[in-house]
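sequence and computational prediction follow.
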Amino acid sequence: MQLVRERIGRDTSDRPLMLFEVALAEIGANVLRYGLPEGAAEPLVEYALRLDGESLSALLTDWGPPLHNHVTRPMPVQSNETGRGLAIARKALDELGYERKDEVNTWRLVKRL
């Protein structure tokens, strides 16, 4: 992200970049935690970051199990200690997409700067 900041001339206090980083951390943590293919010792994850004009996007791909109904689940009640990551990412991003094709999960995160 430092290279992105340098390229577009924004510092660490830039709110859109901070929100993108938060969402990327939440989705990335989920991919690393749950994206483990059956029988694998470590998750296999592909990651691409793209700056296109005034839009920043990330694609995360994993070969773990499919996600069921978690993308649209609302923010859990305050007493729950888990389950907030996707709701936070949805709120922080302009677009959050998830697609399952064959045995592959793909996440698409987009934030307009």
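Sure, I can see it.

could you pull out the strands for the protein?
45-52, 55-62, 95-101, 104-112 (DSSP state E).

need these in CSV (columns: mean neighbour count, distance to residue 31 and mean pLDDT).
Using the backbone N, CA and C atoms, a C-beta is placed for each residue, glycine as well. Output for these, formatted as CSV (neighbours: other CB atoms under 10 Å; distance: least, CB to CB, whole Å; pLDDT from 0 to 100):
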stretch, mean neighbour count, distance to residue 31, mean pLDDT
strand 45-52, 12, 6, 93
strand 55-62, 19, 5, 96
strand 95-101, 13, 11, 95
strand 104-112, 18, 7, 96
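
okay, the ones you listed in a markdown table with distance to residue 14 next?
Output for these, formatted as a markdown table (distance: least, CB to CB, whole Å):
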| stretch | distance to residue 14 |
| --- | --- |
| strand 45-52 | 13 |
| strand 55-62 | 11 |
| strand 95-101 | 19 |
| strand 104-112 | 11 |
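
for this protein, which segments count as helices?
Counting by DSSP state H, residue ranges of the helices within the chain are 2-8, 15-34, 85-92.

packing partners for the first one?
The criterion is 3 or more CB pairs under 8 Å, 6 or more residues apart in numbering; DSSP states H and E, and the helices and strands that helix 2-8 contacts are strand 45-52.

how far does the strand it packs on sit from the chain's center?
Centroid separation for strand 45-52 versus its chain: 11 Å, with CA atoms, centre = their mean, to the nearest Å.

picking up where we left off before, residue 22: which of the strands of the chain is closest?
strand 104-112 (10.0 Å; CB to CB).

ok, back up a step: the strands of the chain: which one's closest to residue 23?
Per CB to CB, nearest to residue 23 of the strands of the chain: strand 104-112, 5.6 Å.
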